[in-house]
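> Starting from these lines, generate the structure:
(one chain, ligands or ions: 1)
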Amino acid sequence: MVEIDLDHLYKKYDDGEDYSVEDFDLHIKDKEFIVFVGPSGCGKSTTLRMIAGLEDITKGELKIAGKVMNDVAPKDRNIAMVFQNYALYPHMTVYDNMAFGLKLRHYKKADIDARVQNAANILGLKPFLDRKPAALSGGQRQRVALGRAIVRDAPIFLMDEPLSNLDAKLRVSMRAEIAKLHRRLNTTTIYVTHDQTEAMTMADRVVVMSVGHVQQIGTPSQVYENPRNKFVAGFMGSPSMNFFNMTYQNGVVSDGKSVTLKVPEGRAKILDDQGYNGKELIFGIRPEDIHSEQAFLDTWPDAVIDSTVTVSELLGATEQLYLKVDDTEYIANVNARDFHSPGDAVKMGFDVNKAHFFDKDTEMAITKEPVPLEG
Ligand SMILES: Nc1ncnc2c1ncn2[C@@H]1O[C@H](COP(=O)(O)OP(=O)(O)OP(=O)(O)O)[C@@H](O)[C@H]1O
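Numbering: from 1, shown residues only. Prediction:
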């Protein structure tokens, strides 16, 4: 059982005025695949490096399997780490790169060989064991870096943007390989990325961060379906959620120009109960919740907006439409059968039942019960 507890962790760098990480509180379960996700500079790597022991913890406690680790040296934490730049030794073969850490730890030769062969087998690296890193592709190098973590047989893997140096296609296939590897090895894993797609597709749970603070912790679907605030709503999902500044009054939201939408009763009651009648708020709707099919427009005539297509991208089964109403631009993902061209005047139906409302000042989601930070 390897559980990791981040108990109200804080980090302030010597030359920093503010905390780079503030009050990071998380219990990681045995075998869990956790992804820290957020924009550049939000404190993901700093948190990971505190867990690895590469940075001091300013305040708070780090526990691994119940034991406080704050002052334990990195080499004694039994953690394997995979970095963005692979950190391979260029003068060593693939075999030696994977064996090196074990040699340093005085493993027996036969044991080292068995571990390296096993990792090479899992990662499809057998044909390359005698090559040097320069003679490998980016994906193969990244696999060697993973191999070096696997041979350690460590109960915890930490991965810091391990795929960001790979091209888009390779990233997708390595993403699946790492997920498969996790299912096979069941190692408690913390994975850092700024790519929300990686977070959504790989994580058991994601920790969404912004400027040193945890914004929300949950399964990918929890944070996608029930974002706690506007930041999480806008960060998770591609293309991003559309936001409109609106005023809510008597069951209708309006931007004071051409966008006026009836709010279904249940949602309107929540807004009424929480005192938003007559107030400004932020209205959010995901591109997939805006429709162009006639049947939808006929069913919800009070949520149809006359718009103009500015760009249309055919993605195969769906079409991504960039639209404009007055000066407001938004994006919709619609069925590709209704193909549109730039300049087309279109009627777009907003599925207000799926919309999200946020307080204009706090930017927190307006829901029946406040969305918890975790879960
Ligand atoms: N060694 C350091 N000394 C001082 N400040 C630092 C140091 N390392 C990081 N920081 C600062 O701490 C904050 C968090 O940085 P961190 O690298 O953890 O963010 P990140 O989310 O991992 O970003 P990225 O995706 O760009 O790596 C940033 O404001 C950064 O400038």
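
> This protein against the ligand: which residues are in contact?
Residues of the chain lying close to the ligand (CB under 6 Å from any ligand atom) are 13, 15-16, 20, 38, 40-46, 194. All C-beta atoms are positioned from the backbone trio N, CA, C, and that covers glycine.

> Recalculate using a threshold of 5 Å.
Within the chain, the positions near the ligand by CB under 5 Å from any ligand atom are 13, 16, 20, 40-46, 194.

> Mark which of these are buried, thanks.
Among the residues of the chain next to the ligand, the ones that count as buried by 16 or more other CB atoms under 10 Å are 20, 42-46, 194.

> Which of these fall within helices?
Those of those mapping onto helices are 44-46, per DSSP state H.

> Now the stretch 151-300 of the chain against the ligand: closest residue?
residue 194 (4.9 Å; CB to the nearest ligand atom).

> hey, what's residue 334 bridged with?
For residue 334, the beta-bridge partners under DSSP bridges are residue 319.

> which ones are touching it?
290-293, 318-319, 321, 340 (CB atoms under 8 Å, 6 or more residues apart in numbering).

> For the stretch 101-250 of the chain, which segments count as helices?
109-123, 138-151, 168-185, 196-202, 220-225, 230-235 (DSSP state H, counting those that start in this stretch).

> And for the fourth one, what's in contact with it?
Contact with helix 196-202 is made by 33, 35, 37, 163, 171, 175, 178-179, 182, 191, 193, 206, 208, 220, 224, 235-238, as judged by CB under 8 Å, 6+ apart.

> Would you list the buried entries among those?
Among the contacts of helix 196-202, the ones that count as buried by 16+ other CB under 10 Å are 33, 35, 37, 163, 171, 175, 178-179, 182, 191, 193, 206, 208, 220, 224, 235-237.

> Tell me the helices and strands packed up against the lowest-mean-pLDDT helix or strand in the chain.
The weakest-scoring helix or strand in the chain, judged by mean pLDDT, DSSP states H and E, is helix 168-185 (a mean of 87). Counting contacts by 3 or more CB pairs under 8 Å, 6 or more residues apart in numbering; DSSP states H and E, helix 168-185 is packed against helix 109-123, helix 138-151, helix 196-202.

> can you pull the buried residues of the first one?
Of the residues in helix 109-123, those buried under the neighbour-count criterion (16+ other CB under 10 Å) are 112, 115-117, 119-120, 122-123.

> Now render those as CSV, adding pLDDT and distance to residue 140.
Formatted as CSV, those follow (pLDDT from 0 to 100; distance: CB to CB, whole Å):
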residue, pLDDT, distance to residue 140
112, 96, 21
115, 95, 19
116, 96, 15
117, 95, 17
119, 91, 13
120, 93, 11
122, 87, 14
123, 86, 9
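
> Pick out whichever of the residues you listed sits closest to the ligand.
Of the buried residues of helix 109-123, the one sitting nearest to the ligand (CB to the nearest ligand atom) turns out to be residue 123, at 25.5 Å.

> Would you check that the closest one makes contact with residue 148?
No: using CB atoms under 8 Å, residue 123 makes no contact with residue 148, being 10.4 Å away.

> quick revisit: in TSV, list the ones in helices among the buried ones among the residues of the chain next to the ligand along with pLDDT.
Formatted as TSV, these follow (pLDDT from 0 to 100):
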residue	pLDDT
44	96
45	95
46	96
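
> now, among these, which is nearest to residue 371?
residue 44 (21.7 Å; CB to CB).

> Show me what the one helix or strand residue 24 maps to packs onto, helices and strands only.
Using DSSP states H and E, residue 24 falls within strand 21-28. Here strand 21-28 touches strand 4-11, helix 44-52, strand 213-218, going by 3+ CB pairs under 8 Å, 6+ apart.

> And residue 218, how far from residue 8?
19 Å (CB to CB, to the nearest Å).

> again with residue 265
Distance of residue 265 to residue 8, computed by CB to CB: 42 Å.

> Repeat that for residue 347.
51 Å.

> just residue 297 next, same as before
Distance from residue 297 to residue 8, by CB to CB: 51 Å.

> Ramachandran coordinates for whichever residue of the stretch 251-375 of the chain sits closest to the ligand?
Closest contact between the stretch 251-375 of the chain and the ligand, by CB to the nearest ligand atom, is at residue 373 (18.7 Å). Per-residue torsions, residue 373: phi -60, psi -40 (degrees, to the nearest 10).

> what number of residues lie near it?
12 (other CB atoms under 10 Å).

> pretty sure it is touching residue 216, no?
Yes: using CB under 8 Å, residue 373 is in contact with residue 216, at 6.4 Å.

> shared neighbours of the two, which are they?
residue 228.

> Do you have the strands of the stretch 251-375 of the chain handy? List them.
All strands of the stretch 251-375 of the chain, identified by DSSP state E, counting those that start in this stretch, fall at 252-254, 260-262, 279-285, 290-291, 304-314, 318-325, 328-335, 345-350, 356-359.
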